[in-house]
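In: Pasted the sequence and its predicted model underneath.
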Number of protein chains: 2
Amino acid sequence: MKASASLQIFAALWGLLFTIPLVAADDPLPSWNDTATKKAIVAFVEKVTKEGSPDFVPMPERIATFDNDGTLWAEQPMYFQGLFAFDRVKALAPEHPEWKEKEPFASILKGDMKAVAAAGEKGLAAVVAATHAGMTTEEFSKIVLNWLATAKHPTTHRPFTEMVYQPMLELLAYLRANGFKTFIVSGGGIEFMRPWAEKVYGIPPEQVVGSAGKLKLEMRQGVPVLVKLPEINLIDDKEGKPAGIQSHIGRRPIAAFGNSDGDLQMLQWTTAGSGARFALIVHHTDADREWAYDRKSHVGQLDKAWDDAVAKGWTLVDMKADWKVIYPPMK
Amino acid sequence: MKASASLQIFAALWGLLFTIPLVAADDPLPSWNDTATKKAIVAFVEKVTKEGSPDFVPMPERIATFDNDGTLWAEQPMYFQGLFAFDRVKALAPEHPEWKEKEPFASILKGDMKAVAAAGEKGLAAVVAATHAGMTTEEFSKIVLNWLATAKHPTTHRPFTEMVYQPMLELLAYLRANGFKTFIVSGGGIEFMRPWAEKVYGIPPEQVVGSAGKLKLEMRQGVPVLVKLPEINLIDDKEGKPAGIQSHIGRRPIAAFGNSDGDLQMLQWTTAGSGARFALIVHHTDADREWAYDRKSHVGQLDKAWDDAVAKGWTLVDMKADWKVIYPPMK
């Protein structure tokens, strides 16, 4: 019966039409495969948001903190802020002819990364001072945005702000939809992240915690400005993360997300609180779609935190198995 | 005609019944007299929240910062945190027999405030170190709440958290109802204010900015704790306020509220931004209901900021004329 067959096809299509979007709309984490990782995330969110549940957490206390490098965006072949600093050295070189003879600037200008690395922490501090201090906070913000508007990643050739992780963007949105307040707590520079974190992650400047230099108020032609000084105020990494959290947030997160040993203390601090807690580590296991690295990596080393995660039953993301896609669709 | 008269009375009562509550509900600032001050506040809020208006400010940028001492709660005869510190010295004295011979502790224990003042900044630093450091952040929070639960103001005999200004509570709520995010930016200690600011002002810990000491992460029996160190990290007063705002909020407020020269730089920083800005100073003019003090006061001195306010057309609250009540009703 032709009419009946047509009807069946129509009904099937009709069903598809309403089923597919509904499934997608129902699933707040569509880029996550349906694995134990995703189930653990959803189970935590459901239990802390269910009124009357013994694990219920009132909305103001639903604080979630996210590391940035390697957790929300990529960090290979080196922290993107390092690439920014090197590009700044190149841009500022004409004003600093002395850099041709001065390390580590000379090696940066020659592109000799091994020699740059050999300059160690003192060398790095000189580069940070030359590229991250001496200007006002507003000038620095513009420099960062201008760099991001044109700079491309050395191997993917994508803008850096498109190398954020689509599954993590969905996770941020899912938590916020469930009354969580999402914060960045990163070893990266607070003033480096704030100019774009709101647009890219939906995280406003007041919810960005990061490493910070001292600031000095000056009057310039009767107008107050804040000048970035080369002195460090907070290294928001490792044992600095709980201090950064307390200083900026003033209460303990109930959920924390990281990817490296730099996040270990944040995860310990978070899970040491009473009541339901959630700790998650992104393990970079996907050499084809992203990078694969852990215990022996110079960037984003995951060694002690991995052991703790296993011992304490924290959630480990296996990027290759758990994520359907890595980055958002190309713009 | 009796029936008609009854009807008229009934109609009048009916009118009253619906008119009086409506008027009250319509007025978001019922404790403010209908003066130019109130009109200036309302005019600012209306213009920055009216879509299509040239002064419209998108919601995430509606940042309002409030000083605490003398702006949100009283500060006479001395900053309440000072009274807390003195009470702590008395409470801790049995564990410190050496204080009987050591200044300024000896004078605090004897109640000789002139001698305490004579000990100057160095003496004050010793008192702060003895009363605000050496314990964990959680222990300190409990100490503050325990003190507030029992301590009474020396002349009003009210609990300190009931010496907040009712008109300012209404102002905070009015701003929040209009999409503002309200912050405290105080010279007072960040860890001293956070335990009660949410309950008393509706301002969560992550929106409290204040003076801060350094914190150190320690493991105690396998549990991480943050220990308060006696070293200063930020003095969030005068030129420290714009730095505190940038560090914690990361964007410039569009409205700022203070009462003393300690707030001058915050008001300058706020009003130096582009677009509509609002700066308000609470002038303590009411010796009967509160206190009257300004240019020559040792606490909450208002001298330079008053001159700036007049020169720049900032809004000045005349407490006596502008406020119908000072404190909330007694509990």
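Out: On my side now, so go ahead.

In: I would like the residues contacting the helix or strand where residue A:89 lies, please.
Out: Assigning secondary structure by DSSP states H and E places residue A:89 in helix A:80-92. Helix A:80-92 has contacts (CB atoms under 8 Å, 6 or more residues apart in numbering or on different chains) with A:69, A:73-74, A:99, A:105, A:108-109, A:116, A:127-128, A:130-132, A:143-144, A:147, A:151, A:153-154, A:160, A:163, A:188-189, A:192. (Each C-beta comes from the backbone N, C-alpha and C, glycine too.)

In: Give me the buried subset of those.
Out: Buried members of the contacts of helix A:80-92, counted by 16 or more other CB atoms under 10 Å in any protein chain shown: A:69, A:73-74, A:99, A:105, A:108-109, A:116, A:127-128, A:130-132, A:143-144, A:147, A:153, A:160, A:163, A:188-189, A:192.

In: Just the ones of these in helices?
Out: Among the buried ones among the contacts of helix A:80-92, the members falling in helices (DSSP state H) are A:105, A:108-109, A:116, A:127-128, A:130-132, A:143-144, A:147, A:192.

In: where does the stretch 201-331 of chain A come near chain B, residue by residue?
Out: Selection of the stretch 201-331 of chain A residues close to chain B by CB under 8 Å from any CB of the partner chain yields A:204-208, A:212, A:214-217, A:223-224, A:226, A:233, A:239, A:242-243, A:246-251, A:265, A:268-269, A:272.

In: Only whichever of the residues you listed are buried, select them in ChimeraX.
Out: Buried residues among those (16+ other CB under 10 Å), as a ChimeraX selection:
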select /A:204,205,206,207,208,212,214,215,217,224,226,233,239,242,243,246,247,248,249,250,251,265,268,269
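
In: Which ones among the residues of the stretch 201-331 of chain A next to chain B map onto helices?
Out: Counting by DSSP H, the part of those found in helices is A:242-243, A:246-248, A:265, A:268-269.

In: Kindly indicate which of the residues you listed lies nearest chain B.
Out: Nearest to chain B among these: residue A:243, at 4.3 Å, using CB to the nearest CB.

In: okay, the spatially closest residue to that closest one that is not a sequence neighbour: pLDDT?
Out: In space, and not counting its chain neighbours, residue A:243 is closest to residue B:215: 4.3 Å by CB to CB, 6 or more residues apart in numbering or on different chains. For residue B:215, the model assigns a pLDDT of 98.

In: quick one: residue B:215 and residue A:250, what's the gap?
Out: 11 Å (CB to CB, to the nearest Å).

In: With residue A:271 instead?
Out: Separation of residue A:271 from residue A:250 (CB to CB): 19 Å.

In: got it, and residue A:47?
Out: From residue A:47 across to residue A:250, the span is 25 Å (CB to CB).

In: Pull the contacting residues for residue A:260.
Out: A:67, A:70, A:300-302, A:305.

In: Leaving aside the residues adjacent along the chain, what's closest to the residue nearest the centre of chain A?
Out: The centroid of chain A falls nearest to residue A:68 when counting by CA atoms, centre = their mean (1.9 Å). Leaving aside its sequence neighbours, residue A:68 sits nearest to residue A:186 (CB to CB, 6+ apart; 3.7 Å).

In: got the residue ranges for the strands in the stretch 1-150 of chain A?
Out: In the stretch 1-150 of chain A, the strands defined using DSSP state E, counting those that start in this stretch lie at A:63-66.

In: Around chain B, pick out the residues from it.
Out: Close to chain B, as judged by CB under 8 Å from any CB, the stretch 1-150 of chain A has residues A:60, A:63, A:137.

In: In contact with the last one, which residues?
Out: Residue A:137 makes contacts with A:191, A:215, A:225-228, B:246, as judged by CB under 8 Å, 6+ apart.

In: Look up how far residue B:298 lies from it.
Out: 34 Å.

In: Check the second one too.
Out: Remark: distance between residue A:63 and residue B:298 (CB to CB) = 39 Å.

In: Can you show me the strands along the stretch 151-300 of chain A?
Out: A:181-189, A:208-220, A:223-234, A:255-258, A:278-285, A:292-293.

In: beta partners for residue A:317?
Out: Here residue A:317 shows beta-bridge partners residue A:282, assigned using DSSP bridges.

In: Please disregard the earlier target; I meant residue A:64.
Out: Going by DSSP bridges, residue A:64 forms beta bridges with residue A:182, residue A:255.

In: what number of residues lie near it?
Out: If you count neighbours by other CB atoms under 10 Å in any protein chain shown, residue A:64 ends up with 23.

In: In contact with it, which residues?
Out: Residue A:64 touches A:175, A:180-183, A:253-257, counting by CB under 8 Å, 6+ apart.

In: just residue A:265 next, same as before
Out: A:238-242, B:217, B:224.

In: ok now do the closest residue in space to residue A:236 that isn't next to it in sequence, which residues does it touch?
Out: Nearest non-adjacent residue to residue A:236, counting by CB to CB, 6+ apart: residue A:244, 4.1 Å away. Residues near residue A:244 by CB under 8 Å, 6+ apart: A:185, A:209-210, A:234, A:236.
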